[in-house]
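Asker: Dropping a prediction and its sequence here:
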Amino acid sequence: MKDAVKRILEETKKGLKPPTEEEIARVQAKWLFGKHAEKMLAHAPWSFVLVKLLWKKGEGPWES
Amino acid sequence: MKEAMSRYERLLTAWNLQEADRVPVAPINCYIIPYLDGLSIKEMFLEPEKLVRATVNCLDICGDEVDPNITTLDHLSLLGKSGWDQATLDWRIWDDFPPKGNIPSFYEKTLLEDYDDVLERGFATILYNKKICQDVFRRSMDDFVYYEFEYPRIYAKAWRKFVEDNDVPLLMGGRACHPLDLLQYYRGINQLTEDIFERPEKIKAISDVLVEYEAMRAMKQAMIMGAGEVPGAEIIFFVNGGPPGMSPRIFDEFFWPYAKKSIDLFVRRGFRVRCHWDNDLTPYLDTMKHITDGLPRGRVLLDLEKTNMKKAKEILGDRVCILGNVPSSLLVYGTPEEVEKCCRKLIDDCAEGGGFVLSTECETPWDAKRENVRAIIESAEKYGQY
């Protein structure tokens, strides 16, 4: 790899501010659970149970 | 003549609106490479070593960068991903190329039925719903976990080695989709068009959620691909495929604010953004003049499909690097001489002063003639010297 390319990569790396795990978890929770996201995150891993309570009639996999 | 540059320097010089040693050239080769090298779709998706080997065998048609085909990872995703996942959308994935199979195909239907419900209870309400392709339900839980969490790292490792061995940068490290494009997938084009007039506030509310979600997932993916260590992995491929034919008012109200918000978000976090925007965007070039407002130079590139490149150069040329756009039909049905003529005109219209990359429309069709793709590369070398 040329020195010029190495320099560009070093500068790029220095300037990167990638999302933290917390940020990713927050937006994924918002995408997954809408307005219930904070509740689901706050009570993980119990959110595995809470999510079933969000299902409406006819949505359960056994109700095909 | 200027000293020969590395491919990555040549591309970034164009991003920086300066003249390199010659016009960079980079056809967007996705399915054509595995097809030419005799791979099946299944091998392309699941065996990165084979895909990388196929790319090495097709370096003569790659030019200054290669597409690492991150779309395959999107198709295997556990959650929604850039409009290409099978978890929320009806994408059909075949094992083989035509005539035995096909390249991945999207079956449009109304999957998001109620905006209010999705805003209230999230996309969990449509995740693995009964309207998507049944194939997805045949995958095991272990399979999903492997392809979401472990496989992207194996995939990235294969491409990192490719870049080290061949000194060819990646076209992208992560991929995100514009929310209006996503809503076209989730609602269908007819329904979305009606929504724009009947439910404008719902579209805006859900677009806000999607901008942030897509951005975070894409940046995470770029880091896995080696952003800051692997040339090109710091580039976010920001896709918009539709809807086509928006009036300038609709573009300004529903497309532009979310496009600019996404671009700003990526650049402020240190990534480069390649706006891969399909359709003919010529009517919106005046709005698009503001694409780099408030941003440092060299961080944004506009990859245009059907837009008039001469006009784009006139209006945007002092602000943002443009890339395009040899027609797909010419690559499948034309001759190398016709491709060369088209490339020469693009270079004449757009190359002066830098800020131009010679490329294809949306992508090189999988059944394009190899000699036609080769003609794009040769035209840059023949007519693109600065």
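Answerer: Arrived safely.

Asker: show me the contacts for the residue nearest in space to the middle of chain A.
Answerer: Centroid check for chain A by Cα atoms, centre = their mean gives A:Gln28 as the closest residue, at 2.8 Å. Neighbouring residues of A:Gln28 by Cβ atoms under 8 Å, 6 or more residues apart in numbering or on different chains: B:79, B:213, B:216-217. Where C-beta positions appear, they are placed from N, C-alpha and C, glycine not excepted.

Asker: Identify each buried residue in the helix or strand where it lies, please.
Answerer: Here A:Gln28, judged by DSSP states H and E, is contained in helix A:21-33. Residues A:24, A:26-33 are the ones in helix A:21-33 that count as buried (16 or more other Cβ atoms under 10 Å in any protein chain shown).

Asker: from the contacts of A:Gln28, which two are the most distant?
Answerer: The largest separation in the contacts of A:Gln28, counting by Cβ to Cβ, is between B:Leu79 and B:Met216 at 11.4 Å.

Asker: More neighbours: those two, which one.
Answerer: Shown here are B:Leu79 and B:Met216; by other Cβ atoms under 10 Å in any protein chain shown, B:Met216 has more neighbours (24 against 17).

Asker: Surely that one is in contact with A:Ala25?
Answerer: No. Contact between B:Met216 and A:Ala25 fails when scored by Cβ atoms under 8 Å: they sit 9.5 Å apart.

Asker: Can you list phi and psi of whatever residue of chain A ends up closest to chain B for me?
Answerer: In chain A, the residue that lies nearest chain B is A:Lys13 (3.1 Å; Cβ to the nearest Cβ). A:Lys13 adopts backbone torsions of phi -60, psi -40, taken as degrees, to the nearest 10.

Asker: check contacts around it.
Answerer: So A:Lys13 contacts B:227-229 (Cβ under 8 Å, 6+ apart).

Asker: likewise B:Met5?
Answerer: Counted by Cβ under 8 Å, 6+ apart, B:Met5 has contacts B:13, B:20-21.

Asker: which one of those sits closest to B:Lys131?
Answerer: Nearest to B:Lys131 among the contacts of B:Met5: B:Thr13, at 47.5 Å, using Cβ to Cβ.

Asker: Which helix or strand contains the closest one?
Answerer: With DSSP H and E as the criterion, B:Thr13 is inside helix B:7-15.

Asker: need the helices for chain A, in chain order.
Answerer: Counting by DSSP state H, chain A has helices at residues A:3-15, A:21-33, A:37-42, A:47-54.

Asker: Need the ones you listed in a markdown table (columns: mean pLDDT).
Answerer: A markdown table is the format used below for those (pLDDT from 0 to 100):
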| stretch | mean pLDDT |
| --- | --- |
| helix A:3-15 | 96 |
| helix A:21-33 | 96 |
| helix A:37-42 | 96 |
| helix A:47-54 | 88 |
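
Asker: Please identify which of these is closest to B:Arg153.
Answerer: Across the helices of chain A, closest to B:Arg153 is helix A:21-33 (Cβ to Cβ), at 15.6 Å.

Asker: Any part of stretch B:65-85 near chain A?
Answerer: Yes. Contact of stretch B:65-85 with chain A (Cβ under 8 Å from any Cβ of the partner chain) involves B:79-80.

Asker: Right, I'll leave it there.
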